[in-house]
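Chemist: Please find the sequence and the predicted model below.
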Amino acid sequence: MSIPQSGGGTIERQEQLAEYLAAGCKPRDEWRIGTEHEKFGYCRDTLKPLPYDGLRSIRAMLEGLRDRFGWAPVQEGGNIIGLEKDGANVSLEPGGQLELSGAPLETIHQTCDEVNDHLAQVKSVADEIGVGFIGLGAAPTWTHDEMPMMPKGRYRLMTEYMQKVGSHGLQMMYRTCTVQVNLDFGSEADMVKKLRVALALQPVATALFANSPLLEGKLNGHKSWRSRIWRDLDADRTGMLPWVFEEGMGFERWTDYALDVPMYFVYRDGRYIDATGQSFRDFMRGELPALPGEKPTLSDWADHLTTIFPEARIKKFIEMRGADGGPWRRLCALPALWVGLLYDDTALGAAWDLVKGWDAETRDGLRVAASVHGLQAEVDGLRMSELARQVVDIAESGLKARARPGAGGLVPDETHFLNTLRESVEAERVPADELIARFEGEWQGDASRVFDEYSY
């Protein structure tokens, strides 16, 4: 999750909130790609999750990355809770999941180099201290009671609040991992079209990247248990947002939605102040119970936007949030998929033509079916495997049109990053299918085998 925002003056009028979002509009030549991915760390001898402190720990990992590779530390309450370097940062999810939030880069070639460098650095430090890391959408064997809590103030507040508003919030916080990509928009109209395509096609991404069929050592009945979790987390801040497809969608409409999402916190002087369940609208009036008489700053608004969790969301860019964490190759495939779909006008138009006739029930049905059945899902005559084939084809055409070379010009474009998805489409088999087959076959029901065979 995000590192706290800073800066920005006091908000004097509500229009500033939409203006903040609109300030993200960029000319096409300034569009960038930001890739984020999370992974689980564990002790190699016990296969248990990493504690925050100790010889084999999250702290040891962060300090090792800092000392060996020149990352600058981010501190909270005297604890190292993140790292920053060259526009990228490393942060911690509540249960110690290590996240790379990549720098905004021009091509997927650069993005994949960044991912490869990061994972190599992590492995270098981890190998020395007897630690491993694995990319899955959900923790395969650990119970909630085995998970540590990272020393971040927002997580203490969220942990208490999550238990009041849904049945799966703590699983999301402590036992899931994702990969997501953040992309730019050129105008309000461009944002709306991209967001609509992004929301409608998140179920396809969920199916293609499904990688969480195991929980607490057993099959859980879903290809993407992570996606299942998000359906019973907090209805106020999750979902497929059917109103995005209605007339009048724009920055102001997103602002109205965000204002009605209950708050988690206000960050002041290195401390998280509990504002769970309170209203940003009251904050705008100086009537927030947590800070009576005080009005928000733009950094408070930026922080609040990070606490909204729909399948795709708007900040000063669009975040695609539907995919499980996974193996190395798929960390580069997700940005390839979405860049191909959204950064070429012809491809974006084709993607919109594919989804524009769907109603809210169809989109929701695809979301549910993707989590259960992956590429074998079918809703109202729509076969997920065929949808995925069409989506990958459109993405490939978009990447060809972008024609961004790599490897010093030896690679003509970015289409090869889709190869792993093309293989899944042809075989109608995603990582979850492989895990299920191995669990039921050669592993003989021993989910712990996943650590030896699937770690980075």
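Modeler: Received, thanks.

Chemist: Now stretch 37-44: buried residues?
Modeler: 37-43 (16 or more other CB atoms under 10 Å). The way it works is simple: take the backbone N, C-alpha and C, and place the C-beta from them, glycine included.

Chemist: Can you report the mean pLDDT over the residues of that stretch?
Modeler: Mean pLDDT, stretch 37-44: 98.

Chemist: Among the buried residues of stretch 37-44, list the two that are farthest apart in space.
Modeler: 37 and 43 (21.3 Å; CB to CB).

Chemist: which regions of this structure sit below the pLDDT cut-off?
Modeler: 1-7 (pLDDT under 70).

Chemist: quick one, phi psi at the residue lying farthest from the centre of it?
Modeler: Ranked by distance from the centre of the chain (CA atoms, centre = their mean), the top residue is residue 293, with 35.1 Å. In terms of degrees, to the nearest 10, the main-chain angles of residue 293 are phi 90, psi -10.

Chemist: That one contacts residue 286, doesn't it?
Modeler: Yes: assessed by CB atoms under 8 Å, residue 293 is found in contact with residue 286 at 5.5 Å.

Chemist: how much space between the residue farthest from the centre of the chain and residue 211?
Modeler: 48 Å (CB to CB, to the nearest Å).

Chemist: Check residue 18 too.
Modeler: In terms of CB to CB, residue 18 sits 37 Å off from residue 211.

Chemist: Which one's more surrounded, those two?
Modeler: residue 211 (30 against 18; other CB atoms under 10 Å).

Chemist: Now for that one: which residues touch it?
Modeler: Each residue near residue 211 by CB atoms under 8 Å, 6 or more residues apart in numbering is listed here: 135-137, 224, 324-327, 330, 430-432, 435.

Chemist: again, only using 10 Å
Modeler: 135-138, 177, 179, 223-226, 323-327, 330, 374, 430-435, 454 (CB atoms under 10 Å, 6 or more residues apart in numbering).

Chemist: Thought residue 37 was touching residue 122, still the case?
Modeler: No: between residue 122 and residue 37 there is no contact under CB atoms under 10 Å: 11.0 Å.

Chemist: what's the overlap in contacts for these two?
Modeler: By CB under 10 Å, 6+ apart, the residues touching both residue 122 and residue 37 are 98, 100.

Chemist: what's the longest strand in the chain?
Modeler: Ranked by residue count, the top strand of the chain under DSSP state E comes out as strand 33-43.

Chemist: helices and strands around that strand, which ones?
Modeler: Contact here means 3 or more CB pairs under 10 Å, 6 or more residues apart in numbering; DSSP states H and E; on that basis strand 33-43 packs against strand 88-92, strand 98-101, helix 108-129, strand 131-134, strand 178-183, strand 318-324, helix 328-342.

Chemist: What segments of the stretch 101-250 of the chain are strands?
Modeler: Taking DSSP state E, counting those that start in this stretch to define them, one finds strands in the stretch 101-250 of the chain at 131-134, 178-183, 214-215, 218-219.

Chemist: I meant to write the stretch 251-400 of the chain there.
Modeler: 265-268, 271-274, 312-314, 318-324, 378-379, 382-383.

Chemist: ranking those strands by burial, who's on top?
Modeler: Ranked by mean neighbour count under mean count of other CB atoms under 10 Å, the strands of the stretch 251-400 of the chain are led by strand 318-324, which reaches a mean of 26.

Chemist: relative orientation of it and strand 33-43 in degrees?
Modeler: Orientation check (axes from the mean of the first three to the mean of the last three CA atoms, to 10 degrees): strand 318-324 against strand 33-43 gives 40 degrees.
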